[in-house]
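Asks: pasting the sequence and the predicted model now:
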Amino acid sequence: MRVNSNNLAWAVIVASMAVPAAAQAPPAAIGDAADALRPASQAAQAAGETQADSAGAAASVAELLNGAALDVKFDVRDLMEILRDHRHEGWVLAAYPDPKTGQPLIGAGVSLDLPVREHPQNDPENPHGFLEPSSADLWQAAGLNPARLRTILGDFDRRMAVWNKKGFRKRIRTLEPEITDEEATLLLRVSALQAIYNAKGYCRCFDRLTGPQQMALSQLVYQMGVNLAEFNQFLTQMNNYSGRGDGDTIAVSTVAEGVMDGDAAYWKTVQQSLVQSQWARLYRVRAVAVIAMLDPQYADGPGLAEQRVGAMLRPAVVERRRGRQVTATRIASPKEPAGKRSPSKGRSRGAGRRSTLQQRRKRGV
């Protein structure tokens, strides 16, 4: 499904304004779409958009709401609290570099420089598409001034040129806020809504997942974006369920709504496909929390579910440079040239004094 990038932004903002956090938007919200779109239409005209584009924006809003894109079984506010937690994305009110790519992030890891991206739906059995607007679109969808985004990106580039990525990240705690807490929350909300929408594009049976399972998949989309498409084994395992027929072990028609027949063995296989990924080993704490939510019995005991995943997931192995033994490394004192060692180094204070007395006796002192 191909959607104009500006339409996507207005669709997201209307959804964030009109849809309650824990449920689908009421029918009245669709009637309010025209009023909610008025500021968006003015911005579109200022940018040279046509009336046809404005009409297309309204159609996209209706499609988003009528398609029950946000008819989820969890509270969006709970997802937002998890994402802003320091064990997941964190919460920084100034632009800072991604630890891997160096790209600018803000708030709960919201990207600031992503372009509009084409994201075709390659699964013929999934009619749901994807929304991939630019960072600037999401910024405007949150109601923030585009000029401020340009200023923040300019400051970020200058700091990166001076500090580099490593030095920049060391100074994260000392950065002056560039947006308010409320503005960061607005950015997080529209980004979370986009992730929920796209989660349906990855999972054919999203509507039949439990609340924690829906939240887990939404977190994965939020954290990885389009890169989640590379998790072929996980997506195949997860979508295999909806491809089964009446002659298979578990038929779609026999599955209870929201429970997926309680097939613990099936979902353990799905979890295992994520456990074996590099992402899970590099971000172990975060991965344990997310993967545990895929357990159909997670709501009965979140702690036990996390313990089971933690037992499967081993910490990442830290590679050491060849020929170097860290435990044997010795740091020379600034007053002592490397490679030289004082006779008293490594010995007790008493041994050093006895050696000095013996030398004095030999000299007749």
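Replies: Arrived safely, thanks for sending. Numbers count the residues shown, from 1 in each chain.
Asks: any low-confidence regions in the stretch 1-150 of the chain?
Replies: 1-69 (pLDDT under 70).
Asks: strands of that one, start to end?
Replies: Remark: strands assigned in the stretch 1-150 of the chain by DSSP state E, counting those that start in this stretch are 92-97, 104-107, 110-111.
Asks: save the ones you listed as a markdown table, and put in mean neighbour count and distance to residue 210 too.
Replies: Where you see a C-beta, it was placed from the backbone N, CA and C, and this is true even at glycine. Converted to a markdown table, the strands of the stretch 1-150 of the chain look like this (neighbours: other C-beta atoms under 10 Å; distance: least, C-beta to C-beta, whole Å):
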| stretch | mean neighbour count | distance to residue 210 |
| --- | --- | --- |
| strand 92-97 | 21 | 32 |
| strand 104-107 | 25 | 28 |
| strand 110-111 | 20 | 27 |
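Asks: mind listing the helices for the stretch 1-150 of the chain?
Replies: In the stretch 1-150 of the chain, the segments counted as helices under DSSP state H, counting those that start in this stretch are 5-18, 27-31, 33-46, 51-66, 76-84, 135-141, 146-170.
Asks: that older thread, got the strands of the stretch 1-150 of the chain as CSV, with distance to residue 228 columns?
Replies: Formatted as CSV, the strands of the stretch 1-150 of the chain follow (distance: least, C-beta to C-beta, whole Å):
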stretch, distance to residue 228
strand 92-97, 22
strand 104-107, 18
strand 110-111, 15
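Asks: right, and those - which one's nearest residue 160?
Replies: strand 92-97 (6.6 Å; C-beta to C-beta).
Asks: which strands and helices sit next to the closest one?
Replies: Secondary-structure packing of strand 92-97 (3 or more C-beta pairs under 8 Å, 6 or more residues apart in numbering; DSSP states H and E): strand 104-107, helix 146-170.
Asks: separation between residue 112 and residue 79?
Replies: 21 Å (C-beta to C-beta, to the nearest Å).
Asks: so which of these two has more stuff around it?
Replies: Neighbour count, other C-beta atoms under 10 Å: between residue 112 and residue 79, residue 79 has more, with 24 against 20.
Asks: please report how far the more buried one lies from residue 307.
Replies: Separation of residue 79 from residue 307 (C-beta to C-beta) stands at 23 Å.
Asks: hang on, the earlier thing: out of the strands of the stretch 1-150 of the chain, nearest to residue 71?
Replies: The closest of the strands of the stretch 1-150 of the chain to residue 71 is strand 110-111. By C-beta to C-beta, the value is 24.1 Å.
Asks: which strands border the closest one, and is each parallel or antiparallel?
Replies: When sheet partners are counted by DSSP bridges, strand 110-111 sits next to strand 104-107 (antiparallel).
Asks: what are the contacting residues of the partner strand?
Replies: Here strand 104-107 makes contact (C-beta atoms under 8 Å, 6 or more residues apart in numbering) with 84, 91-98, 111-113, 152-153, 156, 178-179, 184-185, 187-188.
Asks: ok, stretch 157-167 next?
Replies: Contact partners of stretch 157-167, identified using C-beta under 8 Å, 6+ apart, comprise 97, 99, 102, 168, 171.
Asks: at 7 Å instead, please
Replies: Stretch 157-167 is contacted from outside by 97, 102, 168, 171, using C-beta atoms under 7 Å, 6 or more residues apart in numbering.
Asks: for residue 126, state which of those residues is nearest.
Replies: Out of those, the member with the shortest distance to residue 126 (by C-beta to C-beta) is residue 102, at 33.4 Å.
Asks: for the closest residue to the closest one other than its chain neighbours, give its distance to residue 288.
Replies: Using C-beta to C-beta, 6 or more residues apart in numbering and skipping the chain neighbours, the partner closest in space to residue 102 is residue 165 (4.6 Å). According to C-beta to C-beta, residue 165 and residue 288 sit 27 Å apart.
Asks: of these two, give the one with the bigger neighbour count.
Replies: When residue 165 and residue 288 are compared on other C-beta under 10 Å, the one with more neighbours turns out to be residue 288, at 21 against 16.
Asks: in contact with that one, which residues?
Replies: Applying C-beta under 7 Å, 6+ apart to residue 288 gives the contacts 306, 309, 310, 313.
Asks: make JSON lines out of the residues you listed and add neighbour count.
Replies: Output for those, formatted as JSON lines (neighbours: other C-beta atoms under 10 Å):
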{"residue": "306", "neighbour count": "19"}
{"residue": "309", "neighbour count": "25"}
{"residue": "310", "neighbour count": "17"}
{"residue": "313", "neighbour count": "21"}
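Asks: can you tell me which one of the residues you listed sits lowest on pLDDT?
Replies: Within the set of these, pLDDT is lowest for residue 313 (84).
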